[in-house]
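Chemist: here's a sequence, model it:
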Amino acid sequence: MPAPKGWDTNPSGGLAVNPLVAWDLIGTTDGVNAVVRLEFATSETGYKAVQLIIATPAFRELAETLIRFADKLDVARGADTSKRRTN
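Modeler: Purely as a prediction, here's the structure:
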């Protein structure tokens, strides 16, 4: 898969990706921001993590964007989304 402009690439010029293996969320002590920790594999036995602070409105927008994108992926692969859990 070719990498979009500005994205990291692997030595062959394709999109550089790392499998996401875990994530966690906490709120800041003032309750204003979310802190997201994303853990990803760098090799079969190696892992790294990144911790991001996100203001509540941006965090909500990100969550909604991820759900919309997941819905598009489901449609693209013909998944039955009628049984999707709702909160």
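
Chemist: gap between the residue of the chain most remote from its centre and A22?
Modeler: Distance to the chain centre peaks in the chain at D30, reaching 24.6 Å (criterion: Cα atoms, centre = their mean). As for D30, its distance to A22 is 26 Å (criterion: Cβ to Cβ, to the nearest Å). Heads up, the C-betas are built off the backbone N, CA and C, glycines and all.

Chemist: count the neighbours of A34 for me.
Modeler: Counted with other Cβ atoms under 10 Å, residues neighbouring A34 total 19.

Chemist: list the beta-bridge partners for R37.
Modeler: Residues in a beta bridge with R37, per DSSP bridges, are D24, Q51.

Chemist: hey, where'd the strands end up in this structure?
Modeler: With strands called from DSSP state E, the chain shows them at 20-27, 33-41, 47-55.

Chemist: pick the most deeply packed of these.
Modeler: Each of the strands of the chain was scored by mean neighbour count; the highest is strand 33-41, a mean of 16, by mean count of other Cβ atoms under 10 Å.

Chemist: how far off strand 20-27 does that one point, in degrees?
Modeler: Between strand 33-41 and strand 20-27, the angle comes out at 160 degrees (axes from the mean of the first three to the mean of the last three Cα atoms, to 10 degrees).

Chemist: how far off strand 47-55 does strand 33-41 point, in degrees?
Modeler: On the basis of the same axes, to 10 degrees, strand 33-41 is oriented at 160 degrees to strand 47-55.

Chemist: cheers, nothing more for now.
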